[in-house]
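Undergrad: no sequence on hand, only this structure:
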C-alpha cells in the first residue's frame, strides 16, 4: 500500500519495510490512500454543471450590485415573466434584483432578457433556491445572466421643474379615473373605500397642498392590499417618484419618510421599489408617461401600457403620479 508523499509504510510483519519520503523519515504519521479506487471514482464522477450564458439589457439601478463582488442570494419569487433574487444588504436592509422577460413590466431593479415569456426562458424555481449576484452576472438555476446593454430607469426630463402639458395631464386623469367620473369614486382592490379610507385622506391632503398630511396617510397605505407589491405601496411609489422627478422642494424629505415607514411593514420587493422611486428610478412604462406629459413622445399608448401593468400596480402607480402632479401644481401656485 502506498501513502501520502509515496512513503512505504510498515506492514506489521517482523521484517520492517524501509520508509521512503520526507514525511515518513521525520516521523510524521502517514495516511494510506486507495489510489485505484480514487481513480475509478474520478472516471465515473459527473462533470460539474455549467450555467448557460444569457444576455440581457440591465438597469443602471442595479449596476453596482451586478459589477460588485459575488454575493450569495436566494430566490424571492419565480413567475413565468420574472425571477426576483434577494440579497442581504449591509446598510439598506435587503436588496432585490430581478431577471425579467421582454414582455414583463420593466422595473428599475431588473435585467430584461431579449425573449418573451412564451418562449419560457425562465425556469420555475422554488422560493429560497440559491443564487449568486456579482462579478458581472446573475446566476440562478442553470442560467447566468449578464449585461449586453444598459438602460437608465431615471427619465431625463427638461429642466429642474419640467412643465407638463395641461392637455396631457387632463388626458392622463380622464383615462385613469374615467371621463366625467369624480376622482372621489376611484377605488383600488384591497384598499378601504369611503370618506374615511386612506385614498380619500390622501385626496384631502392634496387639495390642501398639505405634504405632512399626505405623509401621515402613508402610514395607512404602506403594506395595504394583496400581492408582492401591495396597491398602497404602488400609490406611494408613484407619488415619491413624481415628486422627485418633477422637482418638488420637499421630495427628498417625503421619500425618506415613506421609505422609513416601509421597513417591516411591507414586502422586500415593494420596499426595494420604494427606495428606487426615492432616487427617481421608475419602470420604463412610468417613465414613458412622464415623457409624454412633457411632449417628448405620444402619451395615449404610454398611458395604456402603464395602466395595463399587473393586476393593480399600473393603476395604483398612475394614481401616485397624479397625486404628485397635483401636489407640485398646488405648491407652485402657493
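TA: Right, received. Where do you want to start? These numbers come from a predicted model, not from an experiment.

Undergrad: which non-adjacent residue is nearest residue 155?
TA: Leaving aside its sequence neighbours, residue 155 sits nearest to residue 287 (CB to CB, 6 or more residues apart in numbering; 3.7 Å). C-betas here are computed from N, CA, C, even on glycine.

Undergrad: average pLDDT across the helix or strand where the one you found lies?
TA: If you go by DSSP states H and E, residue 287 is part of helix 284-293. The average pLDDT within helix 284-293 is 97.

Undergrad: number of residues surrounding residue 239?
TA: 33 (other CB atoms under 10 Å).

Undergrad: the helix or strand hosting it vs helix 284-293, what angle?
TA: According to DSSP H and E, residue 239 maps onto helix 231-245. Inter-element angle recorded for helix 231-245 and helix 284-293: 40 degrees (by axes from the mean of the first three to the mean of the last three CA atoms, to 10 degrees).

Undergrad: and helix 231-245, how far out from the chain's middle?
TA: The chain centroid and the centroid of helix 231-245 are separated by 15 Å under CA atoms, centre = their mean, to the nearest Å.

Undergrad: and if you look at stretch 288-302?
TA: Worked out by CA atoms, centre = their mean, stretch 288-302 lies 24 Å from the chain centre.

Undergrad: how many other residues sit next to residue 128?
TA: Residue 128 is flanked by 9 other residues according to other CB under 10 Å.

Undergrad: same deal with residue 70?
TA: Residue 70: 12 neighbours (other CB under 10 Å).

Undergrad: and the closest residue to it other than its chain neighbours, how far is that from residue 151?
TA: Distance criterion CB to CB, 6+ apart; nearest residue to residue 70, sequence neighbours excluded, is residue 134 at 3.9 Å. Per CB to CB, to the nearest Å, residue 134 is found 20 Å from residue 151.

Undergrad: follow-up on the earlier one: helices or strands up against the helix or strand just after the helix holding residue 239?
TA: Using DSSP H and E, the helix or strand that follows helix 231-245 towards the C-terminus is helix 251-262. Packing contacts for helix 251-262, counted by 3 or more CB pairs under 8 Å, 6 or more residues apart in numbering; DSSP states H and E, involve helix 211-221, helix 231-245, helix 268-278.

Undergrad: ok, the residue nearest to residue 70 touching residue 64?
TA: No: Residue 134 lies out of contact with residue 64 (CB atoms under 8 Å); the separation is 9.8 Å.

Undergrad: which of the two has more neighbours?
TA: residue 134 (18 against 10).

Undergrad: any idea how far the nearest residue to residue 171 once chain neighbours are set aside lies from residue 152?
TA: In this structure, residue 171 finds its nearest non-sequential neighbour in residue 299, 6.0 Å apart by CB to CB, 6+ apart. For residue 299, the distance to residue 152 (CB to CB) stands at 20 Å.

Undergrad: neighbour count: those two, which is higher?
TA: Set residue 299 next to residue 152 and count neighbours by other CB under 10 Å: residue 299 wins out with 23 against 13.

Undergrad: can you map out the strands along this protein?
TA: 52-59, 71-78, 82-88, 94-100, 110-113, 130-134, 137-140, 143-151 (DSSP state E).

Undergrad: what lines up beside the third one in the sheet?
TA: When sheet partners are counted by DSSP bridges, strand 82-88 sits next to strand 71-78 (antiparallel), strand 94-100 (antiparallel).

Undergrad: give me the mean pLDDT for that strand.
TA: Across strand 82-88, the per-residue pLDDT values average to 93.

Undergrad: tell me how far it is from the chain's mean position?
TA: For strand 82-88, the distance to the chain centre is 7 Å (CA atoms, centre = their mean).

Undergrad: how about the fifth one?
TA: Its chain's C-alpha centre lies 10 Å from the corresponding centre of strand 110-113 when counted by CA atoms, centre = their mean.
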